[in-house]
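S.K.: when you get a sec, could you give me coordinates for this:
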Amino acid sequence: MNPIARGMYVTLLILTVVSASAACPACYGAKDSPMTAGMNTAILVMLGITGVVLSLFLGAAVYFWRRGRRHRMMLSDKLFVNREGQLFVTNVKGIPEWNNS
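M.R.: Residues are numbered from 1 along each chain as shown. Reported below is the predicted structural model:
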């Protein structure tokens, strides 16, 4: 079978199957039918659930980032290293409490 005949058979097959490959009644149906309204509602609910879950992940990431930054700042206010390289922790009044040597 030559390529031209094969192309004609494929084209004829596609043209005969086009009517069977139309959209389902829910997608192809009337725009104001209850089935279409239900599908639109289901799509919005699925998008809403996805948005809520992604927002929770983003909120957790921001919370942990801010908590880490606050903890890092708290440690930098309380810790210092003297000239000999020893680590000191200061209390509220600024007096060294212990030596990490």
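S.K.: CA only for contacts and neighbour counts going forward, please
M.R.: Will do.
S.K.: L79 contacts R72, doesn't it?
M.R.: No. L79 is beyond contact range of R72, at 10.5 Å (criterion: CA atoms under 8 Å).
S.K.: in what helix or strand does the residue nearest to the spatial centre of the chain lie?
M.R.: The centroid of the chain falls nearest to L54 when counting by CA atoms, centre = their mean (4.5 Å). Per DSSP states H and E: L54 is located in helix 34-78.
S.K.: what is that helix packed up against?
M.R.: helix 25-28 (3 or more CA pairs under 8 Å, 6 or more residues apart in numbering; DSSP states H and E).
S.K.: what mean pLDDT does the helix it packs on get?
M.R.: Helix 25-28 shows a mean pLDDT of 63 in the predicted model.
S.K.: next: stretch 65-85.
M.R.: 78.
S.K.: if we can go back for a sec, so how far is the helix holding L54 from its chain's centroid?
M.R.: 8 Å (CA atoms, centre = their mean, to the nearest Å).
S.K.: what strands line up against the next helix or strand after it, and which way round?
M.R.: Sequence order places strand 79-81 as the next helix or strand after helix 34-78, per DSSP H and E. Under the criterion DSSP bridges, strand 79-81 sits next to strand 87-90 (antiparallel) in its sheet.
S.K.: how about the CA coordinates for the partner strand, as PDB?
M.R.: Output in PDB follows, covering the C-alpha atoms of strand 87-90 (Å, rounded to 0.1, in the frame of the first residue of the first chain):
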ATOM      1  CA  LEU A  87      32.000  32.000  74.400                       C
ATOM      2  CA  PHE A  88      30.100  33.900  77.000                       C
ATOM      3  CA  VAL A  89      26.400  34.200  77.700                       C
ATOM      4  CA  THR A  90      25.200  37.400  79.300                       C
END
